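# Quick check, what structure comes out for this input:
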Amino acid sequence: MSIIQWYPGHISKAERQLKEQIKNIDVIFEVLDARIPIASHHPNIDRWIEGKPKIIVLNRMDMIPETLYKKWLSWFKEKGETAHFTNAKQGKGIKFLNQLAQEAGNLVNIKRAHRGMKPRPIRAVVIGFPNVGKSALINRLLGRKVVISARRAGVTRQLRWIRISKTIELLDAPGVIPVKLENQKDAVKLAICEDIGEAAYDNQQVAAALIDFLLELNFENILKLRYKIDPLNITGEEYIEKLGNNLYRGDKERATIQLLNDFRKGMMGCVPLELPNS
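Prediction:
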């Protein structure tokens, strides 16, 4: 497979501005894709936030089996981190995020009061890879659509402050991504989940990798039942070729797009690409 790298120009500027603003932030929401919580974690975020309170938001909870919820929460707890599931599209889990932000901010105002300072609104920021659902989450927190939300990477391009209520201000930031994607297995997962720009990868290679991941996680029955092709004992590339022959008169690219869209839109069901013990 060819190397996957993606670092559009606006991200470099946004990252620089974000790091400058962190000193003004009280609480950080790191939004992860629930299908790939490990691969969608930016390796530099913990260094940037300098020990400030961080709440991990596992978005797209509707796209993984409910049996994984407790397991992932325990996995993060073992690492000393607080995680919370949301479905920003439907608004599930959003009220609790507001509460968490308020609680973290109250501690800031208690410290200010001890220094003889007046209370001020809590400042929160939403950080994460492109297209993990940050904009949809912000719209839900606000209770109205104020930021553009779309199923593609790189829609938000500038930082801006948004007042959620009298007590909470939120910094909307573009998706951030490492300059170099060192772990190529994770990079492929990001591509499969559409969490990086499509110009960074070859569709057929990524779809073939999706087949391989599903086999690795023992989800071969999903493929067998949906496409009537047994994926065992053949490669991902061979599976796509068979799918193209069966559905689209040998058109592998159309079969590829079908496969990727079926996964991305949840047509295959609740299918994770990572498990808590991986």
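
# buried ones in the helix or strand encompassing Gln258?
Applying DSSP states H and E as the criterion places Gln258 in helix 252-264. By neighbour count with 16 or more other C-beta atoms under 10 Å, helix 252-264 contains the buried residues 252, 255-256, 258-260, 262-264. C-beta here means a position set from N, CA and C on the backbone, and glycine is covered the same way.

# ok, Gln5 to Lys180 distance?
Noted for Gln5: a distance of 7 Å to Lys180, by C-beta to C-beta, to the nearest Å.

# more neighbours, the two?
Higher neighbour count among Gln5 and Lys180: Gln5, with 15 against 9, using other C-beta atoms under 10 Å.

# Skipping its backbone neighbours, what lies nearest that one in space?
Nearest non-adjacent residue to Gln5, counting by C-beta to C-beta, 6 or more residues apart in numbering: Leu181, 5.9 Å away.

# what about the one you found, neighbour count?
Leu181 has 21 neighbours, counted by other C-beta under 10 Å.

# hang on, it in a strand?
No - according to DSSP: H, G, I helix; E, B strand; the rest coil, the state of Leu181 is coil, so it is not within a strand.

# Could you check how far it is from Ile3?
Leu181 sits 8 Å away from Ile3, taking C-beta to C-beta as the criterion.

# Could you do Glu66 as well?
Applying C-beta to C-beta, the value for Glu66 to Ile3 is 36 Å.

# Arg163 too?
Using C-beta to C-beta, Arg163 is found at 42 Å from Ile3.

# And Asn221, by the same measure?
Applying C-beta to C-beta to Asn221 and Ile3 gives a distance of 32 Å.

# Met117 now?
Distance of Met117 to Ile3, given as C-beta to C-beta: 51 Å.

# Val171 - nearest residue in space that isn't next to it in sequence?
One correction, residue 171 is Leu, not Val. Nearest residue to Leu171, sequence neighbours excluded (C-beta to C-beta, 6+ apart): Val125, at 4.1 Å.

# for Leu259, that is, sorry about that
Among residues not flanking Leu259 along the chain, Ala207 sits closest, at 4.8 Å (C-beta to C-beta, 6+ apart).

# Quick check: which element contains that neighbour?
According to DSSP H and E, Ala207 maps onto helix 203-216.

# just the strands in this protein please.
Assigned by DSSP state E, the chain shows strands spanning 27-33, 54-59, 82-85, 122-128, 160-163, 168-172.

# quick one: the helices in the stretch 51-200 of the chain?
Remark: helices assigned in the stretch 51-200 of the chain by DSSP state H, counting those that start in this stretch are 69-78, 94-114, 134-142, 184-192.
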